[in-house]
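Participant: Mind folding the following:
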Amino acid sequence: MKAVASGMTGGPKIALPADVSITSDVGIGPIPGGFGIKVDMRISIPGMDKAAAQALVGHHDFTTFRDLGCQAKSPMKTLDLASVRREGEQVLLDFASRSFLHRQVRSMTGSLVQVGAGRWSAADLKAALEARDRRACGPVAPADGLYLTFVGYEED
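Facilitator: Residues are numbered from 1 along each chain as shown. I've put the predicted structure just below:
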């Protein structure tokens, strides 16, 4: 997943990209080189991207996707971009926000994998977001493959 944080008007534009690639394969765990995770199921991109990922875009209370040990003052965040695409055998998730909560990207990824695997519907993901309850979150994706790819700043 690539997570890119874009800044607010007049302030610095900070991109916090996190690229995690998901490869449909046998077993769950890191793929060689630590640049992604393997899942033991087929992943459907259209359901993940069109409805589910788009339900996360906007200004929301992301308590469901926030680690219990998160020290942020507020769970309110604005997600500017959530997209899912396939490149060869890999499924790439891109997220953009000015900032993220502790384990937010990993939590959203794990929940989106549930949608892609057909275990959750897009409505289930939206209900999890609206629950504002950590227990409604899908399995948290491992950190393997999650990395910063871009930091941008607005020019004065």
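Participant: what's the following helix or strand after the host helix or strand of Gln114?
Facilitator: Per DSSP states H and E: Gln114 is located in helix 104-116. Per DSSP H and E, the first helix or strand lying C-terminal to helix 104-116 is helix 122-131.
Participant: Any idea how many residues pack against Arg135?
Facilitator: 7 (other CB atoms under 10 Å). Every residue, glycine included, has its C-beta placed from N, CA and C.
Participant: so where's this protein uncertain?
Facilitator: Filtered on pLDDT under 70, the chain yields the residue ranges 1-35, 40, 147-148, 156.
Participant: which other residues reach the lengthiest strand in it?
Facilitator: What stands out as the longest strand in the chain, according to DSSP state E, is strand 76-87. The contact list for strand 76-87 (CB atoms under 8 Å, 6 or more residues apart in numbering) reads 4-6, 21, 45, 48-49, 53-54, 56-62, 91-101, 104, 108, 112, 116.
Participant: re the thing from before, same for the helix holding Gln114, what does it pack against?
Facilitator: The contact analysis (3 or more CB pairs under 8 Å, 6 or more residues apart in numbering; DSSP states H and E) places helix 104-116 against strand 20-24, strand 76-87, strand 90-97, helix 122-131.
Participant: Go through the ones you listed and pick out the most buried.
Facilitator: Using mean count of other CB atoms under 10 Å, the stretch among these with the greatest mean number of neighbours is strand 90-97 (a mean of 23).
Participant: Each with direction, which strands does it pair with?
Facilitator: strand 2-3 (parallel), strand 20-24 (antiparallel), strand 76-87 (antiparallel) (DSSP bridges).
Participant: any idea which element Phe101 lies in?
Facilitator: Careful, residue 101 is Leu; it's not Phe. Going by DSSP H and E, Leu101 is not part of any helix or strand.
Participant: Contacts only, for the closest residue to it other than its chain neighbours.
Facilitator: Once flanking residues are discounted, Leu101 sits nearest to Arg66: 4.3 Å by CB to CB, 6 or more residues apart in numbering. Neighbouring residues of Arg66 by CB under 8 Å, 6+ apart: 72, 75, 101-104, 107, 134.
Participant: Closest one of these to Met41?
Facilitator: Comparing the contacts of Arg66 against Met41 with CB to CB places Ser107 closest, at 18.6 Å.
Participant: Can you give me every residue that contacts that closest one?
Facilitator: 64-67, 137-138, 140-141.
Participant: Among these, which one is most surrounded by other residues?
Facilitator: Once you tally neighbours by other CB under 10 Å, Phe65 ends up highest among those, having 32 neighbours.
Participant: Good, wrapping up.
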